[in-house]
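Peer 1: I'll drop the sequence and a predicted model, then ask my questions.
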Amino acid sequence: MENTHLTQTQARQMEGAMARWYARQRASAPQLAAVRRHAARLAGDLPAGAAVLEVAPGPGYLAVELAGLGFAVTALDLSRTFVEITAENARQAGVRVAVHHGDAADPPFADGSFDLVVCQAAFKNFGRPVRVLDQMHRVLRDGGTAVIHDMNRGASSADIDEAVALMRLTAMNALLTRITLRGLRNRAYSRERFEALAAVSAFGTCDVRAQGIDIEVRLTRHAA
């Protein structure tokens, strides 16, 4: 049986000073530019005014960007600090993001509420991954898509070094980030593992693309 311990442990680790440190590291100019590109790619597949849910948004940079593109964005995070940070970032950007505190395995939303569910850099932390996939499926409308972007378990140390170099962090923060990513790689999923999880979830199948440090998984809710 899947357990919830990992999810709750990760939430405790990502509170207070640690969460704020993480938010600062994700706010470098190259990373924010990457967020804008990712938002633009997601927007290309969405109708105007689409309803979007970001699961575990962290500091909320993607949620804010999508809201700025005119979508109705909701964010759900187990970390109370990230809920506060996301809300503040949305306020400063002058956009509306409906931010909720809650668990990805038990989202407080009605069936068929969203056109898109997105999850960045967090799926490997979920203690009940199949349950989370099933809940993503539940809250999606027919034809809606879930997009998971996370760390690739197959990433090499050279891939990690290259990715960190592109972040343009200070020397100390770059070192800490490399160490963190190498540790996180042990929890990350491979293409094969994602395909196996999707197969036993309500989605049944998925499309996986892995390159370097990144892996992207797309899952579609088909009409019954």
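Peer 2: Good, I have the coordinates.

Peer 1: Would you point out which residue is most central in the protein?
Peer 2: residue 120 (1.9 Å; C-alpha atoms, centre = their mean).

Peer 1: got a list of what that residue touches?
Peer 2: Applying C-beta atoms under 8 Å, 6 or more residues apart in numbering to residue 120 gives the contacts 38, 54, 56, 57, 58, 62, 149, 150. For the C-beta atoms, the positions are set from N, CA and C on the backbone; glycine is no exception.

Peer 1: which residues does it bridge with?
Peer 2: residue 149 (DSSP bridges).

Peer 1: And the pLDDT for it?
Peer 2: Per-residue confidence for residue 120 comes out at a pLDDT of 94.

Peer 1: do the same with the one 10 residues further on
Peer 2: The per-residue pLDDT reported for residue 130 equals 98.

Peer 1: Can you read off the backbone torsions of the residue nearest to it when sequence neighbours are not counted?
Peer 2: Leaving aside its chain neighbours, residue 130 sits nearest to residue 201 (5.3 Å; criterion: C-beta to C-beta, 6 or more residues apart in numbering). Phi and psi for residue 201, reported as degrees, to the nearest 10, are phi -90, psi 180.

Peer 1: Tell me where the chain has strands.
Peer 2: In the chain, the strands defined using DSSP state E lie at 51-55, 72-77, 97-101, 114-120, 140-151, 207-211, 214-220.

Peer 1: With distance to residue 166 as new columns, can those be given to me in a markdown table?
Peer 2: Below are those laid out as a markdown table (distance: least, C-beta to C-beta, whole Å):
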| stretch | distance to residue 166 |
| --- | --- |
| strand 51-55 | 23 |
| strand 72-77 | 26 |
| strand 97-101 | 27 |
| strand 114-120 | 17 |
| strand 140-151 | 15 |
| strand 207-211 | 14 |
| strand 214-220 | 12 |
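
Peer 1: Select, out of the ones you listed, the one closest to residue 158.
Peer 2: strand 207-211 (13.3 Å; C-beta to C-beta).

Peer 1: got a list of what the residue nearest to residue 130 touches?
Peer 2: 130, 133, 134, 137, 219.

Peer 1: out of those, which is most surrounded?
Peer 2: Compared across the contacts of residue 201, residue 133 has the highest neighbour count, 28 neighbours, by other C-beta atoms under 10 Å.

Peer 1: What confidence value was assigned to the closest residue to that residue other than its chain neighbours?
Peer 2: Among residues not flanking residue 133 along the chain, residue 201 sits closest, at 3.8 Å (C-beta to C-beta, 6+ apart). On the pLDDT scale, residue 201 is placed at 98.

Peer 1: got it, and the one 3 residues further on?
Peer 2: The confidence metric pLDDT takes the value 97 at residue 204.

Peer 1: My guess is it contacts residue 198. True?
Peer 2: Yes. Counting by C-beta atoms under 8 Å, residue 198 is a contact partner of residue 204 at 6.8 Å.

Peer 1: Would you mind telling me which of these two has the busier surroundings?
Peer 2: Just comparing residue 204 and residue 198: by other C-beta under 10 Å the higher neighbour count belongs to residue 198, 24 against 12.

Peer 1: ok, now which ones touch the closest residue to residue 119 other than its chain neighbours?
Peer 2: The shortest distance from residue 119 to any non-neighbouring residue, by C-beta to C-beta, 6+ apart, is to residue 55 (4.3 Å). Residue 55 makes contacts with 76, 104, 107, 117, 118, 119, 122, 132, 136, as judged by C-beta under 8 Å, 6+ apart.
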